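Colleague: Sharing a model prediction with you, sequence too.
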Amino acid sequence: MRQTRMDDLGRKLTLTGTARRIVSLSPATTENLFAIGAGKSLVGVTSACDFPAEAKNLPRVGDFTRPSYEKILSLKPDLIVFDSATVNKADVESFAVRVRVPVFVQRSLKVADVPRHLEELGMLVTIKDNRSAAFVADRIRRALLVRKPTTAIPVFVEISAAPLYAVGPGSFVDDLVRLAGGQNVVTEGGPFPQLTKEKLLTLKPQVYVIATTPGVAAPAPNLPNVRVVRIPADLLFRPTPRLLTGLRMLMAGVNPLRVE
């Protein structure tokens, strides 16, 4: 049975049957396939795919910006999937022509995209409704039905300190901040703008969120009257079921007095 689906770039994907040999070119895609019980369909992942632990044992193929075409082709995939908020259609088409394998792109721009993407992945690996994917997606949707405070607290989310990159409008994390009861103080420059320290001072956030990486120091910014909140980067930046943990940590950081 053939299945035809449209990806988030408006590209048509046609598969004969279901995807049985998948190469994932993003950590979020890898994690989501395992989350819906389809990890066994993965034959290759990126160098950054580190969750769950089983993903570390899979062959590495680089990532979308620096793929190993030879390695990808040697794995004989019938589908390549990845999640990217910034990739453009022309680059994907060029990549697909070179690897001669169907490519399916997901773009997580809103938190609500996460359960939708889980269901899409479920359909790619199962012609009929995938109950595991539907269950995980429904759990996320229910958990996102939270009541936000009436007053949004000004929040700044740091991606990197030097140079200073931040979460901007139109990004997945920008939406996560809103759900946590915050208001992103970065309102221009695209999803991931670079800022000067002088510009940061003018934004006057009350909460400064730092995405942390194990073993990497994350010094606090020199800002007056700012509450610094540290959240593991994987829980903040990966659009996967673990976002629920990241959201709870963000809620607690944005409004410590809030009682759920």
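Modeller: Yep, that arrived.

Colleague: Name the spans of the stretch 151-260 of the chain whose pLDDT lies under the cut-off.
Modeller: 258-260 (pLDDT under 70).

Colleague: Run through the strands of it in chain order.
Modeller: Using DSSP state E, counting those that start in this stretch, the strands of the stretch 151-260 of the chain run over 153-160, 165-166, 182-184, 207-212, 227-232.

Colleague: could those strands go into JSON lines alongside distance to Arg248 and mean neighbour count?
Modeller: For the C-beta atoms, the positions are set from N, CA and C on the backbone; glycine is no exception. JSON lines is the format used below for those (distance: least, C-beta to C-beta, whole Å; neighbours: other C-beta atoms under 10 Å):
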{"stretch": "strand 153-160", "distance to Arg248": "15", "mean neighbour count": "21"}
{"stretch": "strand 165-166", "distance to Arg248": "22", "mean neighbour count": "21"}
{"stretch": "strand 182-184", "distance to Arg248": "14", "mean neighbour count": "23"}
{"stretch": "strand 207-212", "distance to Arg248": "14", "mean neighbour count": "22"}
{"stretch": "strand 227-232", "distance to Arg248": "10", "mean neighbour count": "16"}
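
Colleague: Dump these to CSV, plus distance to Lys89.
Modeller: Converted to CSV, the strands of the stretch 151-260 of the chain look like this (distance: least, C-beta to C-beta, whole Å):
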stretch, distance to Lys89
strand 153-160, 25
strand 165-166, 24
strand 182-184, 27
strand 207-212, 28
strand 227-232, 32
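
Colleague: nearest to Met123, of those strands?
Modeller: strand 227-232 (30.2 Å; C-beta to C-beta).

Colleague: List the neighbouring strands of the closest one plus their orientation.
Modeller: strand 207-212 (parallel) (DSSP bridges).

Colleague: nearest to Val103, of the strands of the stretch 151-260 of the chain?
Modeller: Closest among these, using C-beta to C-beta: strand 153-160, at 26.2 Å.

Colleague: For the closest one, name the packing helices and strands.
Modeller: strand 165-166, helix 172-179, strand 182-184, helix 197-203, strand 207-212 (3 or more C-beta pairs under 8 Å, 6 or more residues apart in numbering; DSSP states H and E).

Colleague: follow-up on the earlier one: between the strands of the stretch 151-260 of the chain, which one is closest to Lys56.
Modeller: strand 227-232 (17.2 Å).

Colleague: hmm, who's touching the closest one?
Modeller: Outside strand 227-232, the residues that touch it by C-beta atoms under 8 Å, 6 or more residues apart in numbering are 206-214, 218, 220-221, 246, 249-250, 253-254.

Colleague: how about 6 Å then?
Modeller: Val207, Tyr208, Val209, Ile210, Thr212, Ala220, Met249, Gly253 (C-beta atoms under 6 Å, 6 or more residues apart in numbering).

Colleague: And stretch 41-60, by the same measure?
Modeller: Taking C-beta under 6 Å, 6+ apart as the rule, stretch 41-60 contacts 20-25, 27, 30-31, 33-34, 61, 63, 75, 77, 125.

Colleague: Narrow those to those that are buried.
Modeller: 22-25, 27, 30-31, 33-34, 61, 63, 75, 77, 125 (16 or more other C-beta atoms under 10 Å).

Colleague: Which members of these occur in helices, if any?
Modeller: Pro27, Thr30, Glu31, Leu33, Phe34, Val125 (DSSP state H).

Colleague: What segments of the stretch 51-200 of the chain are helices?
Modeller: Per DSSP state H, counting those that start in this stretch, the stretch 51-200 of the chain carries helices over the ranges 69-74, 89-99, 113-125, 131-143, 172-179, 197-203.

Colleague: want to throw those helices into a markdown table with distance to Asp7?
Modeller: Below are the helices of the stretch 51-200 of the chain laid out as a markdown table (distance: least, C-beta to C-beta, whole Å):
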| stretch | distance to Asp7 |
| --- | --- |
| helix 69-74 | 18 |
| helix 89-99 | 9 |
| helix 113-125 | 8 |
| helix 131-143 | 16 |
| helix 172-179 | 17 |
| helix 197-203 | 35 |
